[in-house]
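**Student:** here's a sequence, model it:
(one chain, ligands or ions: 1)
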Amino acid sequence: MKKRFDQIIVGGGVIGCSIAYQLAKRGYQVLVLERNQIGCEASSAAAGMLGAQGEFLENSSLFQFAQESRALFKDLSIELLEETGIDIQYIHKGIMKFAFQQQQHHKLTAIAAFQQEVGNPAYMLSIEEAREMEASLTEHVSAVLYLPNDGQVCAPNLTKAFSLAASHHGAVFHEREKVIELIMGEGMIHGVRTTEAAYYAGQVIIATGAFGDELLPDYATLPVKGECLSLEVEPDLFQTTLWMDGCYLVPKQGGKVIVGASSIPGETDKHVSVASVHRLLSRAQEIVPKLAEAKINGFWAGIRPATADEKPYMGEVPGVLGLYVAKGHYRNGILLSPRTGIYMADLIENKPVHAYYYESFKVNRHGSNKLAKAGEPK
Ligand SMILES: Cc1cc2nc3c(=O)[nH]c(=O)nc-3n(C[C@H](O)[C@H](O)[C@H](O)COP(=O)(O)OP(=O)(O)OC[C@H]3O[C@@H](n4cnc5c(N)ncnc54)[C@H](O)[C@@H]3O)c2cc1C
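**Tutor:** I've put the predicted structure just below:
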């Protein structure tokens, strides 16, 4: 069995697989080690929204990065379909955000103002205008913000497509092989030890999402559990992604709707509670009353990897040449994955990257023990 590679990626979620795809395309020999199955954690639990505008009230590195990543999806969906035959189901039908109270109304107006200021389409609609677009919406909202450029994909398909495309370019994937130790010495990384064997590479990338913190405790993330449901509805009940405080509805192919998601910091179990299901379904019916007639297809939970400032860690570990981290993509890992793959491959190849991104995302931006210093994310 081959033991030496150019790069080893620890973790086969959407982030690890996107990086593997970029590096393999650039001609490197890449090994991805996944302790369970490719895409088995947050990357398959995600609703797949590409919400690059709806939560941003001011310019930031994350906002810019999210914009750039969203812009990659159209071509990426064609590229991955050609390379793998997998359709990531890229849908570009916009997101509507709803306010039920005055305070939320003000927030939506502020988001719209900022988005227009930076040249993005963002429209405050009357409920009549919103209902002209989506007839199944309730009449009882106070404001609607429409962001036509946001979209969505099928998250499990995206991770599968990245991994299959990477393997077509020569990347090697080992599933059910957990990395238990990093092999380091003399200020550099040499490889990793797994439950089965040792593998060697000049560069190792830790892409373990909300897990694997024992490998590099200084760059731990805070787990934030999210619970979702899948509903079966009449075809074309609505086509736009609908989003309000505490709940979103993402219409998928074949009359399916994903209802998400709870947000429970510190929990890593994947049980789905009656209370969360009850709250999500009540919110969902508030916005689309006809959902009372929907069938429940399933429910699940996943664990988001959060950081104190809600920005991912993407960079080299100081003092260990060749050791990189790409984790902490929190609620936006699907959206950020294409740009992350390119950014990390550029860093690893020592290509120039934007200084703004470099400083914002570097892993030691808070010193050590970041979560304790900067407080908990929402
Ligand atoms: C309910 C929910 C809804 C979401 N909705 C959206 C959305 O609509 N849009 C969006 O952009 N994002 C969304 N997200 C966020 C997104 O899913 C995550 O940010 C993203 O999946 C993180 O990807 P990752 O590869 O870093 O982590 P993961 O998908 O968790 O992958 C990490 C992998 O590393 C493996 N691993 C860990 N330790 C080891 C080890 N020691 N050895 C080998 N392998 C190891 C794990 O088994 C896992 O497969 C959502 C998340 C949740 C939970």
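**Student:** ok, residue 336 touching residue 65?
**Tutor:** Yes - under the criterion of CB atoms under 8 Å, residue 336 lies in contact with residue 65, with a separation of 6.5 Å. Bear in mind the C-beta positions are built from the backbone N, C-alpha and C, glycine included.
**Student:** more neighbours: which of those two?
**Tutor:** Using other CB atoms under 10 Å, the more surrounded residue of residue 336 and residue 65 is residue 336, with 28 against 25.
**Student:** does the helix ranked longest in the chain reach the ligand?
**Tutor:** The helix of greatest length in the chain, counted in residues with DSSP state H as the criterion, is given as helix 61-84. No - where contact is defined by CB under 6 Å from any ligand atom, no part of helix 61-84 touches the ligand; the two come within 8.8 Å at best.
**Student:** need the contact partners of that helix.
**Tutor:** Contacting residues not belonging to helix 61-84 are listed as 50, 52, 56, 86-88, 90, 92, 120, 149-151, 153, 158, 160-162, 164-165, 168, 310-311, 332, 335-340, 342-343, 356-357, 360-361 [CB atoms under 8 Å, 6 or more residues apart in numbering].
**Student:** stretch 118-134 now?
**Tutor:** So stretch 118-134 is contacted by 53, 59, 67, 96, 108-109, 111-112, 115-116, 137, 139, 141, 143-149, 238-240, 242 (CB under 8 Å, 6+ apart).
**Student:** show me which of the residues you listed are buried.
**Tutor:** For these, a neighbour count by 16 or more other CB atoms under 10 Å gives the buried set as 53, 67, 96, 108, 111-112, 115, 137, 141, 143-149, 238, 240, 242.
**Student:** among those, name the ones in strands.
**Tutor:** Where the buried ones among the contacts of stretch 118-134 overlap with strands, as defined by DSSP state E, the overlap consists of 96, 143-147, 242.
**Student:** restrict the residues you listed to those near the ligand?
**Tutor:** Checking these against the ligand (CB under 6 Å from any ligand atom), there are no matches.
**Student:** from those, which one has the minimum pLDDT?
**Tutor:** In terms of pLDDT, the lowest of these is residue 143, showing 90.
**Student:** which residue of the chain lies farthest from its centroid?
**Tutor:** In terms of distance from the mean C-alpha position of the chain, residue 186 ranks first, at 34.8 Å (CA atoms, centre = their mean).
**Student:** any idea how far the residue nearest the centre of the chain is from the ligand?
**Tutor:** Relative to the mean C-alpha position of the chain, the nearest C-alpha, by CA atoms, centre = their mean, is the one of residue 333, at 1.6 Å. Note on residue 333: its distance to the ligand, by CB to the nearest ligand atom, to the nearest Å, is 2 Å.
**Student:** so which elements touch the strand or helix carrying that residue?
**Tutor:** Counting by DSSP states H and E, the element that carries residue 333 is helix 333-348. Identification of packing neighbours for helix 333-348 by 3 or more CB pairs under 8 Å, 6 or more residues apart in numbering; DSSP states H and E yields helix 14-25, helix 42-45, strand 49-50, helix 61-84, helix 155-168, strand 198-206, strand 313-316, strand 323-327.
**Student:** do that again at 6 Å, thanks
**Tutor:** Using 3 or more CB pairs under 6 Å, 6 or more residues apart in numbering; DSSP states H and E as the contact definition, the elements that helix 333-348 packs against are helix 14-25, helix 61-84.
**Student:** got those helices as JSON lines, with distance to residue 104 columns?
**Tutor:** Formatted as JSON lines, the entries for the helices and strands packed on helix 333-348 read as follows, by distance: least, CB to CB, whole Å:
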{"stretch": "helix 14-25", "distance to residue 104": "30"}
{"stretch": "helix 61-84", "distance to residue 104": "20"}
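**Student:** just name the most buried of those.
**Tutor:** By mean neighbour count, with neighbours taken as mean count of other CB atoms under 10 Å, helix 14-25 ranks first of the helices and strands packed on helix 333-348 at a mean of 30.
**Student:** what comes into contact with that helix?
**Tutor:** 7, 9, 30, 32, 43, 159, 162-163, 165-166, 169-171, 205, 207, 326, 333, 337, 340-342, 344-345 (CB atoms under 6 Å, 6 or more residues apart in numbering).
**Student:** need the next SSE after it, C-terminal direction.
**Tutor:** strand 30-33.
**Student:** can you list the residues of the stretch 251-378 of the chain near the ligand?
**Tutor:** Residues of the stretch 251-378 of the chain lying close to the ligand (CB under 6 Å from any ligand atom) are 260-261, 302, 304-305, 327, 329-335.
**Student:** identify the farthest-apart pair in these.
**Tutor:** Spanning the widest gap among those are 260 and 327, at 21.2 Å by CB to CB.
**Student:** those two: who's more crowded?
**Tutor:** For residue 260 versus residue 327, neighbours defined as other CB under 10 Å are more numerous around residue 327 (30 against 25).
**Student:** quick check: the more buried one touching residue 304?
**Tutor:** No - the pair residue 327 and residue 304 fails to qualify as a contact (CB atoms under 6 Å) at a distance of 11.0 Å.
**Student:** please report how far the closest residue in space to residue 243 that isn't next to it in sequence lies from the ligand.
**Tutor:** With CB to CB, 6 or more residues apart in numbering as the criterion, residue 243 has its nearest non-adjacent residue at 4.9 Å, and that residue is residue 97. Separation of residue 97 from the ligand (CB to the nearest ligand atom) stands at 14 Å.
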